[in-house]
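Peer 1: Give me a model of this one.
(one chain, ligands or ions: 1)
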Amino acid sequence: MGKEIVLILGGSGGMGLATAKILIEKGYKVIISGRTKGKLASISNQLGKDCTYVVLDASNNEDLNKTLSSYSKLDHIVVTISARANASGINNTSEENAKQAFQRFWISYNVLHFATEFLKRNGSVTLISGSSAKTPLKGYGVWGTLHGSLNGLVKQASIDIAPIRVNAISPGGIGINADRQLTEHRGMVEDIGQMVYAVISNLAVTSTIIDVDGGERIGTWNG
Ligand SMILES: NC(=O)c1ccc[n+]([C@@H]2O[C@H](COP(=O)([O-])OP(=O)(O)OC[C@H]3O[C@@H](n4cnc5c(N)ncnc54)[C@H](OP(=O)(O)O)[C@@H]3O)[C@@H](O)[C@H]2O)c1
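Peer 2: Residues are numbered from 1 along each chain as shown. Down below sits the predicted model:
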């Protein structure tokens, strides 16, 4: 049997890149995707024959569809994109900036919308949400709302597109705000990559939001 193929939208940075490295070690073929060709080409070269790349602005729905349709059925899609939006609380984030943050939601939505066409029946989609969905906090209103929406999307899509499996990893404090965590270990992008591997390789896991946040969501740092 050939190696399973995983498309990672956002595979040239942070969590996506760490995930790509781990999946290759575990015996997958990985296609990393992002908007910057030079970065993708150099990473793909470093990661070797099991890593190829595709240049794509995933917020362009037509290009996303075209890219997906250029592959014969994929096994898994992982969405680790960062929209790098200037967003904070609902009271002080403009609609325009909030919409920029929600780009991640719409890319995730469109991947799920197309999934039955481009993924194998026993394949999976893994999204990234975030611990702020579970811990409302002043100044994080847009992020909490976005992450809650992504968690809702997972629950609903896992029913709508079954038997394709749909899950999210909910990170918190990965590479930042280490003081918020209960664990001595400080969350790293590799912790996310390990969990993506666990989720895509376990055929019984669907409709699940998995917290990889060192306990940040409990909010003990906030009160
Ligand atoms: N750190 C945490 O604890 C935490 C908590 C909650 C949520 N998160 C979320 O986790 C996600 C991943 O974070 P990260 O630090 O790994 O991000 P990152 O290092 O900024 O990497 C983002 C990746 O997405 C790609 N990308 C961005 N926009 C794209 C687009 N429109 N189309 C295609 N590719 C695109 C980037 O490449 P190009 O720029 O070249 O396109 C890059 O490969 C983020 O959405 C972040 O908000 C993180």
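Peer 1: The closest residue to the ligand within the chain - how many residues pack around it?
Peer 2: In the chain, the residue that lies nearest the ligand is G14 (2.2 Å; C-beta to the nearest ligand atom). For every residue, glycine as well, the C-beta is placed using N, CA and C. By other C-beta atoms under 10 Å, 18 other residues sit near G14.
Peer 1: Over to the one 3 residues further on?
Peer 2: Using other C-beta under 10 Å, L17 has 21 neighbouring residues.
Peer 1: and the gap between the residue of the chain closest to the ligand and E190?
Peer 2: The gap separating G14 from E190 is 11 Å, by C-beta to C-beta, to the nearest Å.
Peer 1: next one: D50
Peer 2: Distance, D50 to E190, by C-beta to C-beta: 18 Å.
Peer 1: Which one's more surrounded, the two?
Peer 2: Shown here are D50 and E190; by other C-beta under 10 Å, D50 has more neighbours (17 against 14).
Peer 1: Next up, the contacts around the more buried one.
Peer 2: 3, 24, 28-30 (C-beta atoms under 8 Å, 6 or more residues apart in numbering).
Peer 1: max-length helix in this protein?
Peer 2: Looking across the chain with DSSP state H, the single longest helix is helix 141-160.
Peer 1: which parts of it are buried?
Peer 2: Across helix 141-160, burial judged by 16 or more other C-beta atoms under 10 Å covers 141-151, 153-154, 157-158.
Peer 1: burial measure for E62, as a count.
Peer 2: 7.
Peer 1: Tell me which helix or strand it sits in.
Peer 2: helix 61-69 (DSSP states H and E).
Peer 1: if we can go back for a sec, keep only the buried residues of helix 141-160 that also lie close to the ligand.
Peer 2: Counting by C-beta under 6 Å from any ligand atom, nothing from the buried residues of helix 141-160 sits close to the ligand.
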